Structures are given as C-alpha cells and as structure tokens.
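In: Generate a structure from the sequence data that follows.
(chains A, B, C and D)
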2 protein chains.
Amino acid sequence: METSKTPKPREDQRVRLTKTLLGNAFLELLAQKPVQNVTVKELCERAGVNRGTFYLHYHDVYHLMEEMEAGLVADLDRMLSEMEVITPSATEEATSTFIHSLFAFFEKNRELCAILLGENGDKKFLAVIIERGREKSVAEYRVKYPGASRQKAELFYHFIAWGFIGLLQQSLQGQPSFTFKTAAAAAGQIIQQASRYFET
Amino acid sequence: METSKTPKPREDQRVRLTKTLLGNAFLELLAQKPVQNVTVKELCERAGVNRGTFYLHYHDVYHLMEEMEAGLVADLDRMLSEMEVITPSATEEATSTFIHSLFAFFEKNRELCAILLGENGDKKFLAVIIERGREKSVAEYRVKYPGASRQKAELFYHFIAWGFIGLLQQSLQGQPSFTFKTAAAAAGQIIQQASRYFET
DNA sequence: AATGAATTCAACACCGTGTCTAATATCCAT
DNA sequence: ATGGATATTAGACACGGTGTTGAATTCATT
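Out: Predicted coordinates for the structure are as follows:
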C-alpha cells in the first residue's frame, strides 16, 4: 500500500479560491476591529462569497482564525525541524543565527503575525508558539548546563521565551525604534547574559 | 471650595450591590468560557439582576470587563506609587523585594488576574500592565547605567517585563512546579544576570 | 415621611446566526 | 469532450440575543 495517510488529493480549486477570498477579507477586517466584532455576514459580503458557503467550511469566525493559525504553526514547525541539527555545544553564534532566523520567519508572515500577536490578538496562539519550542529548548539547556534541574530549565525557558516574544511583538507593531534587526540583536545579547542564571 | 474633582459621593448601595453581583457572576462565567461566549442574558440570570439594569451601567460585557481591569490597574498604580521611593542605587535586595511585592499583588488578586492573563485573556490588559511600568523603569535604568541609550533601556525593559509576566502567568495558571515563591525567585535571579546587558 | 433614583417587568423591533432546499456553476476523471 | 460528482448560490426559515423603551415599584438618602 502507498502512504495510507495524507494522500493529499489537493483541494478542489473552487474550495481553494473561496478559502483564499475569505482569508484575505478576514485579514482586512482584523486590521480594523477585534475578532469578536467580525461578523460572518460582513466577512462574506467583503469576500464576495455566499454566506452559506462559509458554513460549508467553517463553524464560525474563530474556526477560520484557528485554521490560519494552524497553517502558520505548521510552517514554523517545518522551519524548526529543518534546523534540527542538534547543537549540544551551541556556540554564541549558533544561538544568534537561530534567533535571527526566528525573527526572519515572523517578518515574512508579518501581516498575520502582527494581528495574532497584537492587541486583540489570540493569546492561545501565543501559548501554542511558546509551547512549540519548550521541549526542545529545555532539553538543549540541560545538555548545555548538566547541573541544572528540569525545573530550573523550565523557569528559564518561559522567561526567555516571553521576553523574546515581547520584543518581537514590539517590532511587529511597527515601533520605529524597534527594528527587526535591533530587536533581534538585543534579544540575542540579553539571552546570552541571562544564561548565567544557570551558573547560580 | 472643597476638592472640586472626585467629590466621591460614594455610589448608591443599590448600584454597588448590582455591580458586585454582576462582577461575581462574570468571574464565574469566565472560569467556564471565553468572554466572547458570555451573553448578557445568562450573566444577568446568574447574577439575579434584571437585564435592563445591566444596560443601565454597561454598554456590553466588554465594558464590564474593562471596568474590572481598570479597578485592578488602579490598585496596582497605588501600590507602585507607595513604593515610589526612588532607588537610584537600587541594591540587589531592593529589586528582589520589588519583584516579590509584584508577585504578592497578583497573588492577592489571583482569581481575576488568572483569567485576564490566561488563555482567552485580554491582551489589552497585558499591554496596559506593561506600559504602566515602562516609564519609571526605563528612567531607573538610565540612572543606574548612565552610559545606556534610551533605546537600549527600552529594549531591555520590554524583554524583562514580558519575561516577568510569562513566569507570573505560569504561576497563576497553577502549574505545580511554578510556585509563586520559586517563580519570583527565578525572575529576580534571571533579571539580575540579564542586567549585564548594559555592560555590553 | 417624602423625594429622588435605582430596579424591575414586559414588550418591542432589529439583526446576525445556523440550517435547509432547490437550482446553478464548476471541477475532475474517464 | 462528456459525464458524474461536488462546490457554490440564492432564498427562505425559525431561533435567540440585543439594545431600548415605558410604566410600575422598590429602596436609599435627607
């Protein structure tokens, strides 16, 4: 038998079209108002799609949003696994380029990410993003700093991850003094210094 | 004339009652479902308050939520101004106790904070909290590390603030390994190490 | 006790929702 | 290219929550 799962017959062209139309219209609306104020009616009108068609694919607006998030997370996972090259002896340069790659990823998907991470954003998305990097990062820390307890590594990771997202979020919101480059550089340096926490 | 502003005739007992009833019922519901699924109807039924009365005080559920947030922020501001004692030469202990105080504050208002900072929480609240501490903290950094540029201080603050909230949020969610004490201690140590960023 | 204000109750039109049907348009495989 | 399958459309429907109103009533304050 061939790959029993995910034969991926590639979605019908019509479906892809309507989904794209809905997605674009959704982004336009989210740039104006929070999700909870986006109505299926106006969304479909803007997209030029029949309201009934929407319900053929999604339960409600939140379902649509989740699907878009899922796509983004899938891309992120793909990127992370590509640089899976485990770095037990991660040099400062390695982590630096890693951080830069992350920033680049979010920069590439700027429009959606700015919305999901901005005010009116979805905190679940934030939680998922952070959870995605947790296991791998904690494992890496414990290799790098053998003396550290699991709890210590977890505490450190959460602090660092949130801090990272904080700078990233500021960049995405278009703060002029928070360029992607400067923010990424700062994140790298701060994290490096903070790592001394393990020598406590 | 007496204090022209905020004569504070103290709200009528009746409105205080209805507001507390609504507030409590709101918290109960928020523990079960996200805000966007809370309906005015069920909220009033649970609170034992007439639906018309609700509209006498609030536009919608979000208005109610904002008022509760505002109260919390006001308390926080009060607490911050009380320890206004500017610490140009802030010792490690001073910042440590400061962090501990912050954790204590959130612990005291645990129920509401856990909701506002948890999944389904309000990202605006997070933004407000962080903005509240920004100016003062940045100013303090620039006194402590005279060589640091404003931008550098801002970058550092955002990273630290988000990291702090990250640990706090984990504690509030009741992660067993993230006690308030351990989380506060970790935050203090990590921040202390990270401060070396200014010596870069 | 009297005044003023807050609450209640019922009713109202309005709007978005979610579902359904039949008709139409479009895709995909043969 | 033609077929059958499938997606989209248009319209209608009941349902439920919304936000507002008016009159009656309860309650707090003086």
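In: Residue A:118 against residue A:169, yeah?
Out: Yes. When contacts are counted by CB atoms under 8 Å, residue A:118 is listed as touching residue A:169 (7.0 Å). Where C-beta positions appear, they are placed from N, C-alpha and C, glycine not excepted.
In: mind checking pLDDT for the nearest residue to residue A:31 once chain neighbours are set aside?
Out: Leaving aside its sequence neighbours, residue A:31 sits nearest to residue A:115 (CB to CB, 6 or more residues apart in numbering or on different chains; 6.9 Å). Here the pLDDT value assigned to residue A:115 is 95.
In: What of residue A:2?
Out: For residue A:2, the model assigns a pLDDT of 39.
In: Which residues are in contact with the residue nearest to residue A:31?
Out: Listed by CB atoms under 8 Å, 6 or more residues apart in numbering or on different chains, the contact partners of residue A:115 are A:27, A:30-31, A:121.
In: Residue B:151: which of those residues is nearest?
Out: residue A:121 (24.6 Å; CB to CB).
In: rewinding a little: write the ChimeraX selection for whichever of the contacts of residue A:115 are buried.
Out: Here is the ChimeraX command that selects the buried residues among the contacts of residue A:115 (16 or more other CB atoms under 10 Å in any protein chain shown):
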select /A:30,121
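In: Output the contacting helices and strands for the helix-or-strand element of chain A with minimal mean pLDDT.
Out: Across the helices and strands of chain A, mean pLDDT, DSSP states H and E gives its lowest value to helix A:92-108, namely a mean of 90. Applying 3 or more CB pairs under 8 Å, 6 or more residues apart in numbering or on different chains; DSSP states H and E, we find helix A:92-108 packed against helix A:61-82, helix A:150-172, helix A:180-194.
In: follow-up on the earlier one: sec struct for the residue nearest to residue A:31, please.
Out: helix (DSSP: H, G, I helix; E, B strand; the rest coil).
In: Which one of residue A:118 and residue A:169 is surrounded by more residues?
Out: Set residue A:118 next to residue A:169 and count neighbours by other CB atoms under 10 Å in any protein chain shown: residue A:169 wins out with 26 against 18.
In: so where's chain A shaky on pLDDT?
Out: Residues of chain A meeting the criterion pLDDT under 70: A:1-9, A:84-91.
In: tell me the domain ranges of it?
Out: Using automatic domain parsing, the domain parsing of chain A gives A:13-58, A:67-199.
In: Deepest in the core, which of these is it.
Out: Comparing the domains of chain A by mean neighbour count (mean count of other CB atoms under 10 Å in any protein chain shown), domain A:67-199 ranks first with a mean of 17.
In: Turn the helices and strands packed on helix A:92-108 into TSV, columns for distance to DNA strand C.
Out: Putting the helices and strands packed on helix A:92-108 into TSV (distance: least, CB to the nearest atom of the strand, whole Å) gives the following:
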stretch	distance to DNA strand C
helix A:61-82	7
helix A:150-172	27
helix A:180-194	36
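In: and residue B:132, which of those is closest to it?
Out: Closest of the helices and strands packed on helix A:92-108 to residue B:132 is helix A:150-172, at 14.7 Å (criterion: CB to CB).
In: which strands and helices sit next to the closest one?
Out: Under the contact definition 3+ CB pairs under 8 Å, 6+ apart, helix A:150-172 sits against helix A:92-108, helix A:110-117, helix A:123-144, helix A:180-194, helix B:150-172, helix B:180-194.
In: so can I have JSON lines of the ones you listed showing distance to DNA strand D?
Out: Below are the helices and strands packed on helix A:150-172 laid out as JSON lines (distance: least, CB to the nearest atom of the strand, whole Å):
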{"stretch": "helix A:92-108", "distance to DNA strand D": "27"}
{"stretch": "helix A:110-117", "distance to DNA strand D": "21"}
{"stretch": "helix A:123-144", "distance to DNA strand D": "22"}
{"stretch": "helix A:180-194", "distance to DNA strand D": "36"}
{"stretch": "helix B:150-172", "distance to DNA strand D": "28"}
{"stretch": "helix B:180-194", "distance to DNA strand D": "36"}
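In: on that earlier part again, ok, so of the contacts of residue A:115, who is nearest DNA strand D?
Out: In terms of CB to the nearest atom of the strand, no member of the contacts of residue A:115 lies closer to DNA strand D than residue A:27, at 18.3 Å.
In: now that closest one, nearest residue through space, not along the chain?
Out: residue A:111 (6.2 Å).
In: and what of residue A:110?
Out: That would be residue A:172: by CB to CB, 6+ apart, it lies 6.5 Å from residue A:110.
In: can you put the contacts of residue A:115 in TSV and add secondary structure?
Out: Output for the contacts of residue A:115, formatted as TSV (three-state DSSP):
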residue	secondary structure
A:27	helix
A:30	helix
A:31	coil
A:121	coil
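In: Now the terminal residues of stretch A:34-48, how far apart.
Out: Terminal residues of stretch A:34-48 lie 21 Å apart, using CA to CA, to the nearest Å.
In: How far away from the center of its chain is that stretch?
Out: From the chain centre to the centre of stretch A:34-48 is a distance of 24 Å (CA atoms, centre = their mean, to the nearest Å).
In: and that stretch, is it in reach of chain B?
Out: Yes. Applying CB under 8 Å from any CB of the partner chain, one finds stretch A:34-48 touching chain B at A:35-36.
In: Show residues contacting that stretch.
Out: Against stretch A:34-48 from outside (CB under 8 Å, 6+ apart): A:18, A:21-22, A:24-26, A:28-30, A:50-51, A:53-55, A:60-62, A:65, A:120, A:122, B:35-36, B:62.
In: filter the residues you listed down to the ones close to DNA strand D.
Out: The overlap between these and the neighbours of DNA strand D (CB under 7 Å from any atom of the strand) comes to A:18, A:50-51, A:53.
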